[in-house]
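Novice: just need the structure, nothing else, for what follows:
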Amino acid sequence: MGAPQQSPPESGIAQVLPAGSISRKTGIGTRRAYNLLAPMRDGTHLALDLIRPDADAAYPVVLVRTPYDKTREHDKPFLHSLAERGYVVAIQDTRGRFNSDGRFFPYRDDRADGYDTVEWIAAQAWCDGNIGMAGGSYIGQTQWFAAADAPPHLKAIVPVVSPPDAFSNEPMCNGCFLLPMGEWMLWMGRRSWGLPVPYDLYNAPQPYFDALPTADLAAQAGFEPGWWRDWMQHPNFDAFWRASSYSDAWPKITVPALNVTGWWDMNFPGAPLNFMGMRRHGATPAVRSSQQLIIGPWPHWVNKTRSLNGVDFGEQAIVNLDDYMIRFYDRWLKGVENGLESDPRVHVFVVGANEWWSADDWPLPQTEFVLFYFHSRGKANSLKGDGALSRELPEVEPPDRYAYDPADPIGSFWNMRDGPVDDRVASIRDDMLCYTSEPLTEPLDVVGPVTCMLYASSSALDTDWHVRLVDVHPDGAARFLCHGMLRARFRESFETPHLLVRDRVYRFQFGMDACGVRFLPGHRVRVEVMSSWFPEYDRNTNSGAENNLLDDELVVAHNCIYHDVAQPSHVILPTVRRCPHG
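Specialist: Next up is the predicted model:
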């Protein structure tokens, strides 16, 4: 089987991302302007600052829309690099934040406000009519919202670690609520920071994460904005959440996008989902072919360190990403013929091999999706159990059983700066099932989206399934790679939930995000199955209440995973076999 196309073996950044050419510094210096007021369609005014070349001329503009205080962006070197190369950088407080008027409601107004801001900028004398956007996390998501209504003057976006739509990542993921969003809620405050000294978001679980019902988290934290109460009233993907979505707009989005993320980014699904969505559904063939994707060995803060949790990814882990992004803007905002279109569309870092692979699509061409089946003699409980994982179909095998008690959930907090943590601490409990392969005799490259297929039953009317993929090293360390979950009632639809029939076997299929790893000889592949990942996600009370977020009736669920001829539970791993010279 052939290998993904590799970047040419040149020096420096060309080993990882083709360097090409970027615009030179203008040499004319920069100046600033503060609190320009852009009117929105409803009369609300949003404040923005400028960092711009010190000359009275029109330039392309790169817009940053942030709920995190525009003044925090002023000293970022990348934005100054843009201004020095002939771009105006416009930094705006989103609605209801800091110097902008209106009321902040996460996601809800960013689509219309993004459109209005872009078109207002286009009418200013300092703009030449070509506008791009920049920024990460929520700021990355504002770029997709702005692009969703296709403002005529928006020509390119570079969303870094952008979340996807609700129910794909945050605040809801396949029906499970991301509890650290409560910490984000407190940190955000009303118009400015809610704490005197903002702590490191998601750094550690907070006492109010234990709140039951989950909706009481805000009250126990000491701050309950109206939007939190609204969130808690909508456990299903209904019109409320649909109004804060943008993936429905892929077919009319007209901009090239450079999507950047890391394998351990808490918002990981956003970049590949948006890349694939635009590749398949973008407004025109030219737009579909102008999408790009970069996935590095990084957490939420991309391209900052070559090691995480004691795992060193080598000297190629850090790249000259800023220059590559400027090259992207040069092509689409200035029309510079710098060869960008001839670059591979996808660059991904393969952990273990510690090298970058390049290809023209995602999943990588020539990926083989291989089924790895669960096996046991009915005692796969904990890493000390008899659970096994192999490519062989199961025959007559007893199921594995465990009791999930929401009063005593599996605790494994994974913060925003974590990466391949050692998972053994959580996997010593009997309410986690571990299926582990034999030690590998040759490398196994797993690069792409991972899927889980569970045949399972529960004594409860509802329960959760959490599944993790880990790389077990020869010393026993179980390095976390990726994770997926599903609230059982949403097995058929996120819009219309269906409770379980007690002890009936169902087939549950759900994604586990993706990974890019070479399992080395002597390593083992492990899949962990449980019904909680607390306090990362809310506990399913198992009661079958209409709204789990408002429920505090705790029911112990006796859950069962089947792996036999008729009900072969398994994961689907994207394997890529490389040529010897690859």
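
Novice: so where's the stretch 151-300 of the chain uncertain?
Specialist: Residues of the stretch 151-300 of the chain meeting the criterion pLDDT under 70: 196-204.

Novice: contact partners for Leu440?
Specialist: Phe519, Leu520, Pro521, Gly522, His523, Arg524, Val525 (CB atoms under 8 Å, 6 or more residues apart in numbering). To be clear about C-beta, it is placed using only N, CA and C from the backbone, and glycine gets the same treatment.

Novice: look up the closest residue to the last one, ignoring the ones flanking it.
Specialist: Leaving aside its chain neighbours, Val525 sits nearest to Ser437 (4.3 Å; criterion: CB to CB, 6 or more residues apart in numbering).

Novice: any chance of the contacts of Leu440 in JSON lines, plus secondary structure, distance to Trp126 and pLDDT?
Specialist: Listed next are these as JSON lines, based on DSSP: H, G, I helix; E, B strand; the rest coil; distance: CB to CB, whole Å; pLDDT from 0 to 100:
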{"residue": "Phe519", "secondary structure": "strand", "distance to Trp126": "53", "pLDDT": "98"}
{"residue": "Leu520", "secondary structure": "coil", "distance to Trp126": "54", "pLDDT": "98"}
{"residue": "Pro521", "secondary structure": "coil", "distance to Trp126": "59", "pLDDT": "98"}
{"residue": "Gly522", "secondary structure": "coil", "distance to Trp126": "60", "pLDDT": "98"}
{"residue": "His523", "secondary structure": "coil", "distance to Trp126": "56", "pLDDT": "98"}
{"residue": "Arg524", "secondary structure": "strand", "distance to Trp126": "59", "pLDDT": "98"}
{"residue": "Val525", "secondary structure": "strand", "distance to Trp126": "55", "pLDDT": "98"}
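
Novice: are any of those residues buried, and which?
Specialist: Phe519, His523, Arg524, Val525 (16 or more other CB atoms under 10 Å).

Novice: SS state for Val350?
Specialist: Judged by DSSP: H, G, I helix; E, B strand; the rest coil, the three-state class of Val350 is strand.

Novice: contacting residues for the closest residue to it other than its chain neighbours?
Specialist: Closest residue to Val350 apart from its sequence neighbours, by CB to CB, 6+ apart: Gly516 at 4.9 Å. The contact partners of Gly516, by CB under 8 Å, 6+ apart, come to Trp263, Ile295, Val348, Phe349, Val350, Val351, Trp357, Val446, Val447, Gly448.

Novice: out of those residues, which comes closest to Ala147?
Specialist: Ile295 (20.8 Å; CB to CB).

Novice: state the phi and psi torsions of the closest one.
Specialist: Main-chain torsions, Ile295, degrees, to the nearest 10: phi -130, psi 120.

Novice: mind listing what it touches?
Specialist: Thr261, Gly262, Trp263, Ala271, Pro272, His347, Val348, Phe349, Ala514, Gly516.

Novice: what's the local residue count around the fifth one?
Specialist: I take that to be Pro272. 22 (other CB atoms under 10 Å).

Novice: likewise the first one?
Specialist: Number of residues near Thr261 (other CB under 10 Å) recorded here: 29.

Novice: sec struct for it, please.
Specialist: Reduced to three states by three-state DSSP, Thr261 is strand.

Novice: could you measure from the closest residue in space to it that isn't next to it in sequence over to Val450?
Specialist: In this structure, Thr261 finds its nearest non-sequential neighbour in Ala271, 3.7 Å apart by CB to CB, 6+ apart. As judged by CB to CB, to the nearest Å, Ala271 and Val450 stand 16 Å apart.

Novice: compare those two (neighbour count), which wins?
Specialist: More crowded of Ala271 and Val450, by other CB under 10 Å: Ala271, with 28 against 22.

Novice: correct me, but that one touches Ser168?
Specialist: No: counting by CB atoms under 8 Å, Ala271 does not reach Ser168; the two are 11.8 Å apart.

Novice: what's the mean pLDDT across stretch 392-401?
Specialist: Mean per-residue pLDDT for stretch 392-401: 96.

Novice: can you give me the end-to-end span of stretch 560-572?
Specialist: 20 Å (CA to CA, to the nearest Å).

Novice: right, and the helix or strand after the lowest-mean-pLDDT helix or strand in the chain?
Specialist: Least confident element among the helices and strands of the chain, by mean pLDDT, DSSP states H and E: helix 180-188 (a mean of 90). Following helix 180-188 in sequence order, the next helix or strand is helix 217-221 (DSSP states H and E).

Novice: packing partners of that next one?
Specialist: helix 180-188 (3 or more CB pairs under 8 Å, 6 or more residues apart in numbering; DSSP states H and E).

Novice: just checking, what packs against the helix it packs on?
Specialist: For helix 180-188, the packing partners by 3+ CB pairs under 8 Å, 6+ apart come out as helix 217-221.

Novice: next one: the helix it packs on to chain centre, how far?
Specialist: Relative to the centre of its chain, helix 217-221 is centred 26 Å away, using CA atoms, centre = their mean, to the nearest Å.
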